[in-house]
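In: predicted model follows, preceded by the sequence.
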Amino acid sequence: MRFKLLLSLLMLSVSVHAAQRPVSLDVGGGTLYGTELLPDGGGKFPVVLLHAGSGPTDRDGNSRLLPGPNDSLRMVAEALAQRGIASVRYDKRAIGASALPVWKEQDLRLDDYIDDATAWLRKLRADPRFSRVVMAGHSEGAQIAAEACRQAATDACVLIAGAGHPLDDILRDQLKGKLPPELEAQSERILVALKQGKTVDDVPQALMMLYHPSVQPYLISSLKHDPRAAIAALTMPVLILQGTSDIQVQVSEAQALAAAAPRARLVVVEGMNHLLKIVGDDEAKQKKSYGSPEFPVAPQLIDALSTFVKAPPAGK
């Protein structure tokens, strides 16, 4: 019996690995590297392009700024494959395997990420193996997804734990009451300048992590985008997914997105945090989930996502 169990696990492992392969895309003078995961079986599959969140977050949802791997996006891809849905996830410019010398931090722009995602979507659209093309963006990736879905005219778009207000509004809200009055005033001065497209040289050391000169061009590009305007411009089916235990993005942000696009479907997952894991009100679980892959992604999220991806187009 034990031998049969081990053999079954081995066959399952081989099957999963056989369906997975590296993929790449040449963009903007460099190459982006990712992973394609296909479900077992033949015929055409719907495919989901998964996009990670902000900063040094890689294709699997992991970041060097966190205490360890959480593998959230890798788990989403694997769960989708079990539901008969293909996926592609990739490392952004200057991140993971896509960390090439051609891309410096000071040269990165949100618009470049949007263009890259659009190029991936068009590549998937041209691939005869796929029946439908859907993009799902997580956190900052939700903003990128909304913009790229419009440009590439995808079959559907999914925004997971995405902001519902512009970046400057979010920063003001997050910093309010947490900084001494003088620093809060300095932050406001810098934000106003960046919103006007101007870089700032005199940044207080206490605010350097937020407004370091090398990231200011990226912030300027991000401040030009409003997630509400982006989702309102979408004409394809849209799914908004949000967790109630997300300590980084509140449910009110998802509600703001839904208000801007009344035809979108909003699904709020009870107890799900920003890393798409069920932690509820348990602070120990919340903290541990940021540095451990032992927590699976929320099954409610996978149910909602896979059902939405497989849904036939309106009128069919």
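Out: All right, it came through fine.
In: tell me where the stretch 201-316 of the chain has helices.
Out: All helices of the stretch 201-316 of the chain, identified by DSSP state H, counting those that start in this stretch, fall at 208-211, 216-222, 227-232, 251-260, 283-289, 299-310.
In: which residues does the fourth one contact?
Out: Pointing back at helix 251-260 there. By C-beta atoms under 8 Å, 6 or more residues apart in numbering, the surrounding residues in contact with helix 251-260 are 159, 161-165, 227-229, 231-232, 240-242, 244, 264, 266, 268. To be clear about C-beta, it is placed using only N, CA and C from the backbone, and glycine gets the same treatment.
In: please redo it, this time with the cut-off set to 6 Å
Out: Judged by C-beta atoms under 6 Å, 6 or more residues apart in numbering, the contacts made with helix 251-260 from elsewhere in the structure are 163, 164, 228, 231, 232, 240, 242, 264, 266, 268.
In: just stretch 58-65 next, same as before
Out: With C-beta under 6 Å, 6+ apart, stretch 58-65 has contacts from 34, 52, 56-57, 69-74, 89-91, 95-96.
In: the host helix or strand of residue 24: what's the following helix or strand?
Out: Taking DSSP states H and E as the criterion, residue 24 maps to strand 20-27. Moving toward the C-terminus from strand 20-27, the next helix or strand (DSSP H and E) is strand 30-37.
In: tell me the centre residue of this structure?
Out: Central residue check for the chain by C-alpha atoms, centre = their mean: the C-alpha nearest the mean position is that of residue 138, 2.4 Å away.
In: quick check, it in contact with residue 160.
Out: Yes. With contacts defined as C-beta atoms under 6 Å, residue 138 counts as touching residue 160 at a distance of 4.6 Å.
In: just to revisit the earlier point, among the contacts of helix 251-260, which pair sits farthest apart?
Out: Between all members of these, the longest pairwise span (C-beta to C-beta) is found for 232 and 268 and amounts to 20.2 Å.
In: touching, residue 148 and residue 119? I think so.
Out: No. With contact defined as C-beta under 6 Å, residue 148 does not count as touching residue 119 (8.8 Å).
In: quick one, which of those two is more surrounded?
Out: Neighbour count, other C-beta atoms under 10 Å: between residue 148 and residue 119, residue 148 has more, with 27 against 18.
In: chain center to whatever helix or strand that one lives in, what's the gap?
Out: Assessed by DSSP H and E, residue 148 sits inside helix 140-152. In this view, helix 140-152 has its centroid 10 Å away from the chain centroid, taken as C-alpha atoms, centre = their mean, to the nearest Å.
In: ok, now stretch 100-113?
Out: On the basis of C-alpha atoms, centre = their mean, stretch 100-113 sits 17 Å off its chain's mean C-alpha point.
In: stretch 22-35 too?
Out: Taking C-alpha atoms, centre = their mean, one finds stretch 22-35 lying 17 Å from the centre of the chain it belongs to.
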